[in-house]
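Colleague: here is my input; please provide its structure:
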Amino acid sequence: MPNKVQLTKLIINIVVLGILLFISQQAGAKDWYPVRGGINFGISGISLLEQQSNCQDFLIVHDNKKNQGRLAIISIKDKNKVEYFPLNWQINTELPVDLEAITSVPGKTNSTFIALSSSGKAYYIKLERANQTISVISEFNLPGIIEGSNFEAFGLQDIDGKLVAIWAHRGDGQQPARVYWGVLDLVKFQVKLIGSANLKVPFPSGNVRHISDIKVDSVGIVYMSSANDAGDDGPFQSALYVAGYLGLYGNRIVWRQNPQFVPLYRSDFHKIEGIELIPGNEGGVIVGTDDENFGAYVYIFGGR
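Modeller: Next up is the predicted model:
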């Protein structure tokens, strides 16, 4: 009878094998689709809004710092046509600086999200699609922020009745990423920090951001992207990984990090900074890029 650690490793290995087989069939079968050109339109985070048989809508964030757009909706029709709809930030409120991640709030409607800035400031927001506006419900800071941190990833999932959060300082080259996990209280608008761990990936190398985005599926498997940025004109490199597993043992959230990182997908042309899991028969994995001067692209693995 396997113990909990062995069972976790077995689950991760099965997931990795399944995804490798899945991506090997998909890679090369479809194209990267341009979203918008220019450095102000890079995708630094992406979250599913709605999916239909021939159309999928996503909420994206831009890491702009001046008087430029912060969020937008992209609509992907028939997997080959991308439309872009900019959104307005709530008037009379200060614009966020350097948004790097966005995730939907489990158990809520598809109109409430949490966006995270690189400084660790989180924004609990609501999408008003009728007037193309983002309204701010609350703002709060992540716990345990270390000076010099640069956060690029934030994910949420309902795990056994607890709203579990996972986020990460991106790391840089020889400096590892730092993964944090905790429980989000949406009444008090705060996250209780439970633990943290260092993480480094084998690819890309050089000026690598070991974690550029992160998402958690409904059983606790954590997926992440990593990226290399040599400058505003590239060249860029990226990879996707299964980072590990979040589970509830007793009354405690436990992080089981993958002991060996196997790239599920590699790109030598794009800087992936946003990933999202798309459930269902039409589902798969979507990635969004922040290719600096070359703008943003999306790529969908799976689906029809």
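
Colleague: please enumerate the helices of the chain.
Modeller: Under the criterion DSSP state H, the chain contains helices at 4-26.

Colleague: which of the helices and strands in it ranks last by mean pLDDT?
Modeller: When each helix and strand of the chain is scored by mean pLDDT, DSSP states H and E, helix 4-26 comes last, with a mean of 55.

Colleague: surely residue 293 meets residue 232?
Modeller: Yes - Residue 293 is within contact range of residue 232, at 4.8 Å (criterion: Cβ atoms under 8 Å). For every residue, glycine as well, the C-beta is placed using N, CA and C.

Colleague: just give the nearest non-adjacent residue to residue 56, would you?
Modeller: residue 76 (4.9 Å; Cβ to Cβ, 6 or more residues apart in numbering).

Colleague: so how far is residue 249 from the one you found?
Modeller: Distance of residue 76 to residue 249, given as Cβ to Cβ, to the nearest Å: 38 Å.

Colleague: which of those two has more neighbours?
Modeller: Neighbour count, other Cβ atoms under 10 Å: between residue 76 and residue 249, residue 76 has more, with 21 against 11.

Colleague: how about residue 32: what's its closest non-neighbour residue?
Modeller: residue 297 (4.4 Å).

Colleague: contacts only, for the one you found.
Modeller: The contact partners of residue 297, taken as Cβ atoms under 8 Å, 6 or more residues apart in numbering, are 32-35, 270, 288-289, 291.

Colleague: again, only this time at 6 Å
Modeller: 32, 34, 270, 289 (Cβ atoms under 6 Å, 6 or more residues apart in numbering).

Colleague: my read: residue 151 touches residue 118, true?
Modeller: Yes - here residue 151 reaches residue 118: they are 5.5 Å apart, a contact under Cβ atoms under 6 Å.

Colleague: neighbour-wise, which of the two wins?
Modeller: residue 151 (24 against 20).

Colleague: picking that back up, for residue 85, state which of the contacts of residue 297 is nearest.
Modeller: residue 34 (15.5 Å; Cβ to Cβ).

Colleague: still on that earlier bit, buried ones from the contacts of residue 297, can you make that a PyMOL selection?
Modeller: This is how PyMOL selects the buried members of the contacts of residue 297, with burial counted by 16 or more other Cβ atoms under 10 Å:
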select buried, resi 34+270+289
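
Colleague: from the contacts of residue 297, which two are the most distant?
Modeller: Farthest pair in those, by Cβ to Cβ: 34 and 270, 11.0 Å.

Colleague: output the below-cut-off pLDDT ranges for the protein.
Modeller: Within the chain, the segments meeting pLDDT under 70 span 1-30, 79, 303-304.

Colleague: try 50 this time
Modeller: For the chain, the stretches flagged by pLDDT under 50 are 1-2, 21, 24-29.

Colleague: related to what we said a few turns ago, any chance of the contacts of residue 297 in JSON lines, with distance to residue 281 too?
Modeller: Output for these, formatted as JSON lines (distance: Cβ to Cβ, whole Å):
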{"residue": "32", "distance to residue 281": "24"}
{"residue": "34", "distance to residue 281": "27"}
{"residue": "270", "distance to residue 281": "27"}
{"residue": "289", "distance to residue 281": "26"}
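
Colleague: closest to residue 108 out of the contacts of residue 297?
Modeller: Closest to residue 108, out of all of the contacts of residue 297 and judged by Cβ to Cβ, is residue 289, at 27.7 Å.

Colleague: what sits against that closest one?
Modeller: Contacts of residue 289 (Cβ under 6 Å, 6+ apart): 270-272, 296-297.
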